[in-house]
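Asker: I'd like to go over a predicted model; first the sequence, then the structure.
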Amino acid sequence: MATQSTQPAQPLRSGAATEPAATEPAVTGTAPGGPPPGRAGRGERPPRRRGERGPLASFGLHAGLLVGAFIALFPPFWLLVTSFKPRSESFSLSLVSEFSLDNYDHVINNTAFLTWFGNSVLIVVVTTFLAVFISSTTGYALSRFRFPGMRSLMWTLLITQMFPMAVLIVPLYNLMSRYGLLNQPVGLIVTYLTIAVPFCAWMMKGFFDTIPVAIDESGRVDGLTPFGTYWRLVLPLAKPGLAVTAFYSFVTAWAEVAYATAFMTGEQNLTLAGGLQTFVNQHTQDWHTMTAAAVLIAVPAALVFGYAQRHLQAGLTAGATKS
Amino acid sequence: MADASGPPAAVAGGGVTAPGPDRATDRKDTAPRGAGNGTPGGPGVGTRLRRGLSTHWYAWVMIAPVVTVIGVIVGWPLVRGLYLTFTDANEGNVERRIGVNTIDATYDFVGLQNYVDVLAGGQFWSKLTWTVIWTVSCVAITFLVGLTLANMLNRKVRGRALYRMALILPWAIPAFVSIFAWRMLFNERSGILNAALEGGGLSAMSWLTDPFWAKVSVIAVNVWLGVPFMLIAMLGALQSIPSEQYEAAEMDGAGPWQRFVNITLPGVRSVSATVVLLSCIWTFNMFPVIFLLTGGGPVGSTDILVTEAYKLAFQRSPRDFAGSATWGVLILLLLVLFALAYRRALRKQGDKEGVW
Amino acid sequence: MRRSIGTTAAIAALALAATACGSDDSGGGSGEGGKITVTFWDTSNETEAKVFKAVAEEFSTVRSDVEVDYVNIGWDGAQDRFKNAAPTGDAPQVMRTEVAWVSDFASLDYLAPLDGTPAVENQDDYLEQAWASTQYDGTTYAVPQVIDTLALFYNKALLDEADVEVPESLEDIKASADAFEGLEAPFYLRGDDPYWFFPYIYGEGGDLVDADAETVTIDDESGVAAFEAVRDLLDSGAAITDTTDGWESMMGAFGNGDVAMMINGPWAINDAAEAIGAENLGVAPVPAGSVTQGSPQGGWNYGVYAGLPEDEMEAAQEFVAYMSSADVQQRITEELSLLPTRASVYEVESVATNEMVEFFAPAVEVAKERAWIPEGNSLFDPLKEEVEGMLLGQSTPEETASKTADRYRDLLGWQ
């Protein structure tokens, strides 16, 4: 799986910018195991040396991975299977008892699901755009300049990322209540920005760190102002970084539960996280509805994720940071 | 990130430190040497400020949006939250806008009473104990599983791409959806897990209703949610270890275990340090798993600090805003202290690269 | 790149603008064309909801300038959600309010006083007990919708099969346990909802608190005896329970014939009858404890949100009057067998001959009124959690009683 070698953001580890090979999967024989029958790698560079192992080790390896994959796949798989069963069969153990799409029909036509979906999309998309937009210049400044207040800003960003929801939720609730922002998408957007902005700024700094300073210097030589350099030369190079940052904040906001539950109350204002809870609680247990809604939420998310996941590793190794 | 649904928040936080030229050395110092450092004996404040402005203005303009936004939407609520902890605010006496009627706040300043109450009561300490157990077990198990799977995946295995895809799938699905899926599996009377146990001749478990098993269940689900992130991070770290090192070691006759201990572990050390720190913070604040899987039950036995603080403010009646804010502030303090201690410990061990 | 960032900004700005515009239409209020929207939060269950929705929406035939936005919200989170919404000005105009919530909401100024408004029509017609739950501090804050209490539901076929008489006391249930072959247990004891604990507490002559004397009474001998009775039913194998998902498990167990009896209220009649067949469903007074027979008075009221502008307030009050009118109550009883709160409705032929009403009406008359104090509902959480602890074997009945009482004293500041 040579995904990471194709991803554009690989100048992530500081050394990698000049030596992309470093992010290629290295074929290593790090674990116990003897020489294996050689297997052709797919699409990877011919290994310099093949980790080798015996049939037994090979079996163990596959067994371990299979068990892991099974555990990882089963809950979502079961959710999917259940969503096609009628209500009375929700907990039956058979794979397909009576295949039906009734649950989906019910979710889409008889519940506010689509409204919730719209709310979630609106809130999360706006949050993501605003967060990336607001924080990118800061990421750049932190990466390139030294200025008074820089250290404290870095610290602020770090500490803010540690904030438990519990420390802000009450004051935010009271303030939003005062300004009439509860139960409004705007309120939740502002709340999510408290999470997304510090995080995006920090992450962007990591990405900018991976762009060679030589580029800035060439800009200066050409007589560009720092803003010009940032806007014309550096930002275009940081596009993949922007994308990954955006993706992360998207995913985080999409799955947020606590603020969404406390701040959004009207049936029409719920987000998906709040809406899904209304199907299954102490007094109502519409598992059949819940499973169909869950699948409808999970599939687009998984598709987006599948598309973006090849960048994940890049994001994770982003930036050698040192203030 | 508060309530990170997931790991996405990325190690960006700590940035996986890699050996390499220290960026700081490349950084342009926008100021003349010494300016803005507040060196005593320098020019007067006014002059310094003016000089600072003329040399740093573009940096300051660039950070202005974030500083403003954080100041307004984080700083202001934070200060207010702190203030609330010194009052007896609850749902009956805070300012309320009831449609066309507005009722003014009538809560009083009570000094440190809330802190005294929280710290003297047993509730906080018992929740803290469980929160620490929860965090440590979740992170430790997730780390071990993630590292093991990463090691397995980092080899030539047929179907590697498929395995990788399958293993990171839990990350692709929003956590609150998966948690509901798990609730179905765990259902005591009709869930498939118990059906499987009974089918295998074992007795059914009270997964979510017995205090002990409920704890096991929430940890299991959190591990399930967290492994993909760990796996990907570790895979990245493993792949950054130059294979020459292994070759050299092999030539020197090092066995697989020795190679693992002497090359792999040091190779993933700095990534691990960051990832573990972040995981600890996320797990400590992990709201959805507890809230949606058990609701803190049975009998509050799975409530961690953040879910309890949430309940105080939004579920228990009367809603105790001041108390909840107090819990929040204490949780934040604990986290900051933990992070500082962690950093110091790493520094002491001679981790020159530093986590941050 | 420049364009794409510019576009990004434009989209973000647009979206934000859209958010800001789109956000005002949520809480009802005056819609286009001068129509007033009354949002009604209903908490009824799935079966009931269909009827209530139809009835509520027909209000437009009474007031053509009003549109009713019917929203069914789960009972579970309803109190929290109203409390979240009320201080934001974004609450529904009308809320179906459980009898124990009225004083809580009223004490926080969330409900509008209704004395002398169009909402209250023909006040003397309301049953005295039902009316009592609408009062807080001498003012009327709600209008009664339905009244109910708990009763013993039994499966006639299973009782016949076991040759067991309908039990009159918990002792009877215990004694008959062996007669039911092939059942997990004869009786399902709802363990995760404190409302269901009242028959046991009242059955021993106890209560949670004595509001007049401002004392906590749950740790009296009677309270301990009640918890012991619960423990005993479960230990002896006469009953099964769950500490979560109780409703679903109870209805499932009763519907599948895994148990022969359960305690439940009128709201469950339709579901239960559907599950085991109406001819098979019997209803009897709650089994007695060692002292007496007692079940709590429950029910629902309509509350009107306090923060409404004049035109909405007036429409909401009329809506409440309509919903609680004799005609509507009659219709609801005919379709759902719920108990009306107006004396006159009981005299209507179709209501008087309704089998369930015939049974439940006398039961309600002797049902015990709870203390309608603002903290009334706050008493449930501690009780639920402590009993849960007992059911899980973590504490004895004595400890359960005393721990619950301690928490009540903290909460209320009483003796």
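Answerer: Everything's here; your move. None of these values were measured; they are calculated from a predicted model.

Asker: got the phi and psi for C:M95?
Answerer: phi -130, psi 130 (degrees, to the nearest 10).

Asker: isn't it up against C:Y305?
Answerer: Yes. Using Cβ atoms under 8 Å, C:M95 is in contact with C:Y305, at 6.7 Å. To be clear about C-beta, it is placed using only N, CA and C from the backbone, and glycine gets the same treatment.

Asker: how confident was the prediction at C:E48?
Answerer: Predicted confidence (pLDDT) for C:E48: 86.

Asker: next one: C:A100
Answerer: 87.

Asker: can you confirm it is in a helix?
Answerer: No. C:A100 sits outside any helix when classified using DSSP: H, G, I helix; E, B strand; the rest coil, being coil.

Asker: in the stretch 51-200 of chain B, what residue lies closest to chain C?
Answerer: B:G99 (1.6 Å; Cβ to the nearest Cβ).

Asker: give the contact list for residue 71.
Answerer: With no chain named, the answer covers chain A. B:W224 (Cβ atoms under 8 Å, 6 or more residues apart in numbering or on different chains).

Asker: wait, chain C was what I had in mind.
Answerer: A:G266, A:E267, A:Q268, C:T39, C:F40, C:W41, C:D42, C:P92.

Asker: these two touch, right, the second one and C:I73?
Answerer: It refers to A:E267. Yes. Taking contacts as Cβ under 8 Å, A:E267 lies within contact range of C:I73: 6.2 Å.

Asker: quickly list what's touching both of the two.
Answerer: Going by Cβ under 8 Å, 6+ apart, residues that sit against A:E267 and also against C:I73 are C:W41.

Asker: now the helices: where do they sit in the stretch 101-250 of chain B?
Answerer: B:113-120, B:122-153, B:160-172, B:175-186, B:192-199, B:211-239, B:243-251 (DSSP state H, counting those that start in this stretch).

Asker: and those as CSV, adding mean neighbour count?
Answerer: Below are the helices of the stretch 101-250 of chain B laid out as CSV (neighbours: other Cβ atoms under 10 Å in any protein chain shown):
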stretch, mean neighbour count
helix B:113-120, 15
helix B:122-153, 19
helix B:160-172, 21
helix B:175-186, 24
helix B:192-199, 16
helix B:211-239, 24
helix B:243-251, 15
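
Asker: would you mind listing what in the stretch 151-300 of chain C touches chain A?
Answerer: Taking Cβ under 8 Å from any Cβ of the partner chain as the criterion, the stretch 151-300 of chain C approaches chain A at residues C:D192, C:D193, C:D245, C:G246, C:W247, C:E248.

Asker: pLDDT-wise, what's the bottom of those residues?
Answerer: When those are sorted by pLDDT, the bottom entry is C:D245 at 75.

Asker: so that residue touches C:G191, yeah?
Answerer: No. If you go by Cβ under 8 Å, C:D245 and C:G191 don't touch, sitting 10.4 Å apart.

Asker: find residues that contact each of the two.
Answerer: Common neighbours of C:D245 and C:G191 (Cβ under 8 Å, 6+ apart) do not exist.

Asker: tell me which of those two has more neighbours.
Answerer: Ranked by neighbour count (other Cβ atoms under 10 Å in any protein chain shown), C:D245 and C:G191 place C:G191 first, with 26 against 21.

Asker: now the more buried one: how far from C:G389?
Answerer: Using Cβ to Cβ, to the nearest Å, C:G191 is found at 11 Å from C:G389.

Asker: over to A:M162?
Answerer: 34 Å.

Asker: for the stretch 1-150 of chain C, list the residues in contact with chain B, please.
Answerer: Within reach of chain B by Cβ under 8 Å from any Cβ, the stretch 1-150 of chain C has these residues: C:79-80, C:83-84, C:86-89, C:91, C:104, C:107-110.

Asker: which of the residues you listed has the most neighbours?
Answerer: Neighbour-wise, the residues of the stretch 1-150 of chain C next to chain B (other Cβ under 10 Å) top out at C:A91, 31 neighbours.

Asker: quick check: phi and psi on that residue?
Answerer: The phi/psi pair for C:A91 (degrees, to the nearest 10) is phi -80, psi 160.

Asker: pLDDT below threshold where in chain C?
Answerer: Scanning chain C for pLDDT under 70 picks out C:1-33.

Asker: same question but for chain A, I mixed them up
Answerer: For chain A, the stretches with pLDDT under 70 are A:1-53, A:97, A:281-284, A:310-323.

Asker: and the longest helix for it?
Answerer: Longest helix in chain A by number of residues (criterion: DSSP state H): helix A:113-144.

Asker: quick check, that one touching chain C?
Answerer: Yes. Helix A:113-144 is in contact with chain C by Cβ under 8 Å from any Cβ, via A:L122, A:I123, A:V125, A:V126, A:F129, A:L130, A:V132, A:F133.

Asker: now those as TSV including neighbour count?
Answerer: Below are those laid out as TSV (neighbours: other Cβ under 10 Å):
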residue	neighbour count
A:L122	20
A:I123	26
A:V125	18
A:V126	25
A:F129	21
A:L130	26
A:V132	28
A:F133	19
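
Asker: between those residues, which is nearest B:N222?
Answerer: Lowest distance from B:N222 to the residues of helix A:113-144 next to chain C (Cβ to Cβ) belongs to A:I123, with 25.4 Å.

Asker: residues near B:S317, how many?
Answerer: B:S317 has 22 neighbouring residues, counting by other Cβ under 10 Å.

Asker: list the contacts of the nearest residue to it once chain neighbours are set aside.
Answerer: Nearest non-adjacent residue to B:S317, counting by Cβ to Cβ, 6 or more residues apart in numbering or on different chains: C:S378, 4.2 Å away. Contacts for C:S378 (Cβ under 8 Å, 6+ apart) come out as B:R316, B:S317, B:P318, C:D104, C:L411.

Asker: closest to chain A out of those?
Answerer: Nearest member of these to chain A, counting by Cβ to the nearest Cβ, is B:R316, at 13.0 Å.

Asker: now that closest one: phi and psi?
Answerer: phi -70, psi 150.

Asker: then C:Y154?
Answerer: The phi/psi pair for C:Y154 (degrees, to the nearest 10) is phi -140, psi 160.

Asker: pretty sure it sits against C:V166.
Answerer: Yes. C:Y154 is in contact with C:V166 according to Cβ under 8 Å; the separation is 6.1 Å.

Asker: surely B:Y107 and B:G92 touch.
Answerer: No. Look at B:Y107 against B:G92 with Cβ under 8 Å: they stay out of range, at 9.0 Å.

Asker: I'd like to know which elements the helix or strand where A:P171 lies is packed against.
Answerer: Take DSSP states H and E as the rule and A:P171 turns out to sit in helix A:165-178. Helix A:165-178 is packed against helix A:185-209, helix A:258-263, helix B:76-84, strand B:96-98, helix B:305-314, helix B:321-348, with contacts defined by 3 or more Cβ pairs under 8 Å, 6 or more residues apart in numbering or on different chains; DSSP states H and E.

Asker: out of those, deepest packed?
Answerer: Each of the helices and strands packed on helix A:165-178 was scored by mean neighbour count; the highest is helix A:185-209, a mean of 27, by mean count of other Cβ atoms under 10 Å in any protein chain shown.
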